[in-house]
Structures are given as structure tokens and as C-alpha cells.
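1. dropping the sequence and predicted coords here.
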Amino acid sequence: MENRVNVLHEIPSSQEYIALRLTAGLSSKDDSAVQTALGRSILSVAVRNENSELIGMGRMIGDGGCYVQIVDVIVNPAHQDHEIGDIIMRELLEYADKNVPKDADVTLITDLPQIAFYQKYGFKLIYPELYGMSRKR
């Protein structure tokens, strides 16, 4: 684990978010769209190192009643062996356990290599009962 990390319930700047995405090998996003998205988060967890640099983050979005989704769980690759992802997930799920109704659906979308990571937090594949879909504008 990192010597000193600060776990904060704060929204990072759009520039920090975009930079973290790029560092993690994810696509860039339009700054205006990022500002809108970040501002509409139910919860944003930011993990910062001792120099206040953003090294990981995760967000919860949704209606807060029936449906919430965990998104943007991103960790700087230089810190991926330091349990930062676990810290983020624990914060998000602790918040959900305390603030989201018991019968709400808490969902997420992930790529194949990360399935086991999320399964250890109780997430289950929904196929074949349900199918996820996506559409880009």
C-alpha cells in the first residue's frame, strides 16, 4: 500500500479526470461533457498521494433510489499494486449500503480482465438472465 494516501469524497477537476483516463490507457473525453458528468455524480471518491496528485478514483451515478451504477473506477497504473482499487470500491459500497434503498440495483460494466476484481465485492454476471446493451450517440 502507498505510504500515504488521502481518500476524499470529492470531485476531481475535469483535467485531472481526463489525465487519469489517458494514463490508465482509456479514451479521452470532451472537457465540457466531463464537467457535466462529474457534477452529476451521486458520490465521487478521489484517492490522492502525499503530493495531492490524483492516483485513483471512482464514482456512483444514477437516480439514488431504484438504480445506481458504479463507474470510472480508475487507478494510475503506477499504483495498481497498492490496493487503491480496493479502497475505492470499499468507499463506494459503504456509501451504497448506508444511503441506497435495500432493493435498489447497484450495477457496473467492466471488461473481462476485471471481472474477478468486482466479483470479490459480490457482483455477479447477469448473463444469461439479462443482457447489457450500450448505444453511442
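-> Great, that's in hand.
2. how about the helix ranked longest in the chain: buried residues?
-> Ranked by residue count under DSSP state H, the longest helix found in the chain is helix 84-99. Buried positions in helix 84-99, judged by neighbour count with 16 or more other Cβ atoms under 10 Å: 84-85, 87-89, 91-93, 95-96. To be clear about C-beta, it is placed using only N, CA and C from the backbone, and glycine gets the same treatment.
3. quick check: which helices or strands does it pack against?
-> If you count contacts as 3 or more Cβ pairs under 8 Å, 6 or more residues apart in numbering; DSSP states H and E, helix 84-99 packs onto strand 5-9, strand 43-49, strand 54-62, strand 67-75.
4. for it, C-alpha coordinates in PDB please.
-> Taking Å, rounded to 0.1, in the frame of the first residue of the first chain, the C-alpha atoms of helix 84-99 are listed here in PDB:
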ATOM      1  CA  ILE A  84      -6.100   1.600  -4.500                       C
ATOM      2  CA  GLY A  85      -8.900  -0.100  -6.400                       C
ATOM      3  CA  ASP A  86     -10.000  -1.900  -3.200                       C
ATOM      4  CA  ILE A  87     -10.000   1.300  -1.300                       C
ATOM      5  CA  ILE A  88     -12.200   3.000  -3.900                       C
ATOM      6  CA  MET A  89     -14.700   0.000  -4.000                       C
ATOM      7  CA  ARG A  90     -15.000  -0.100  -0.300                       C
ATOM      8  CA  GLU A  91     -15.800   3.600  -0.100                       C
ATOM      9  CA  LEU A  92     -18.400   3.400  -2.900                       C
ATOM     10  CA  LEU A  93     -20.100   0.300  -1.500                       C
ATOM     11  CA  GLU A  94     -20.100   1.600   2.100                       C
ATOM     12  CA  TYR A  95     -21.900   4.700   0.800                       C
ATOM     13  CA  ALA A  96     -24.400   2.500  -1.100                       C
ATOM     14  CA  ASP A  97     -25.000   0.300   2.000                       C
ATOM     15  CA  LYS A  98     -25.800   3.400   4.100                       C
ATOM     16  CA  ASN A  99     -27.700   5.500   1.500                       C
END
